[in-house]
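1. After the sequence you'll find the predicted model.
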Amino acid sequence: MKNILRTALVVVAGTASVAVLADAAAPAASHFYPLVGHWSGKGQLSQPGQPTAALSLDLNCTKVAAGNGVKCDMNAKNEQMQIAESDLMGVDPETNTGHWYAVTNMGEVHDHIISWPDDKTLKAHYAWTSEGKKMEENVTFTFNGKKAVEFHTIVTADGSEVAAFSGSLKK
């Protein structure tokens with residue numbers, strides 16, 4: 001009986017240690033914390049030769065993995081279209097590189113590389129090749145206090161703009 005009790009205490013003590021370690025968020029992950037919360041607003045999607053589409057925006061972000069990342073779900077829609085995206089953001093502790101993994105309802109999967117030029121700005125970059133063209137997506141989030149954010153996304157093909165998506169969100 002004493003051995004069972006000792007084993008139980010060791011397991012409980014070990015679990016408590018693991019829980020304490022798991023709750024210690026990576027300091028760099030806090031760069032994503034301004035996104036946490038429920039946001040709504042208006043946006044615009046434009047492509048050369050097409051009319052600009054006005055969209056209603058809904059963004060919901062939460063901390064995940066004991067604060068070591070942020071998960072967001074975004075919906076942008078109007079009467080003609082709906083864009084859904086799920087995102088997971090975190091920081092590689094070995095390289096201190098920020099990553100933003102995005103999956104959309106259009107079957108796109110992106111791994112953006114993140115930088116923080118200052119405490120109000122988050123920049124993301126994703127590059128790939130499609131049909132022989134060098135594609136790039138550059139996204140900038142600019143936080144205006146704790147309850148307002150603007151974003152601008154530019155997509156280029158061989159250096160020429162092929163899409164722009166921007167908007168303003170409030171908590």
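-> Received it, and whenever you're ready, just let me know what you need.
2. Mean pLDDT per helix and strand in this protein: which one sits at the bottom?
-> helix 2-23 (a mean of 41; mean pLDDT, DSSP states H and E).
3. quick one: low-confidence parts of the chain?
-> 1-27 (pLDDT under 70).
4. what about the strands in it?
-> Under the criterion DSSP state E, the chain contains strands at 37-46, 53-64, 69-77, 82-92, 97-104, 109-118, 121-130, 133-143, 148-157, 160-170.
5. Thought residue 167 was touching residue 148, still the case?
-> No: Residue 148 is beyond contact range of residue 167, at 11.4 Å (criterion: CB atoms under 8 Å). Heads up, the C-betas are built off the backbone N, CA and C, glycines and all.
6. Counting neighbours, go ahead and name the busier of these two.
-> Between residue 148 and residue 167, counted using other CB atoms under 10 Å, the more crowded position is residue 167 (22 against 14).
7. Run through the residues that contact the more buried one.
-> For residue 167, the contact set (CB atoms under 8 Å, 6 or more residues apart in numbering) comprises 41-44, 55, 57, 76, 150-151.
8. ok, residue 151 - how many residues close by?
-> Neighbours around residue 151, by other CB under 10 Å: 19.
9. Show me what it is bridged to.
-> Counting by DSSP bridges, residue 151 forms beta bridges with residue 141, residue 167.
10. Could you do residue 123 as well?
-> If you apply DSSP bridges, the partners that residue 123 bridges to are residue 115, residue 140.
11. quick one: it and residue 142 touch, right?
-> No: between residue 123 and residue 142 there is no contact under CB under 8 Å: 9.7 Å.
12. most tightly surrounded among the strands of the chain?
-> Ranked by average neighbour count under the criterion mean count of other CB atoms under 10 Å, the strands of the chain are headed by strand 69-77 at a mean of 19.
13. Please name the strands paired to that one in the sheet, noting orientation.
-> Strand 69-77 is paired, per DSSP bridges, with strand 53-64 (antiparallel), strand 82-92 (antiparallel).
14. and the direction of that strand versus that of strand 37-46, what angle?
-> Calculated by axes from the mean of the first three to the mean of the last three CA atoms, to 10 degrees, strand 69-77 forms an angle of 50 degrees with strand 37-46.
15. Could you list the alpha-carbon positions for strand 69-77 in PDB?
-> Only the C-alpha atoms of strand 69-77 are listed here, as PDB (Å, rounded to 0.1, in the frame of the first residue of the first chain):
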ATOM      1  CA  GLY A  69      -0.100  30.400 -29.800                       C
ATOM      2  CA  VAL A  70      -3.200  32.100 -31.000                       C
ATOM      3  CA  LYS A  71      -6.000  30.500 -33.100                       C
ATOM      4  CA  CYS A  72      -8.300  32.600 -35.200                       C
ATOM      5  CA  ASP A  73     -11.300  31.900 -37.400                       C
ATOM      6  CA  MET A  74     -12.300  34.500 -39.900                       C
ATOM      7  CA  ASN A  75     -15.400  34.900 -42.100                       C
ATOM      8  CA  ALA A  76     -15.800  37.500 -44.800                       C
ATOM      9  CA  LYS A  77     -19.000  37.500 -46.800                       C
END
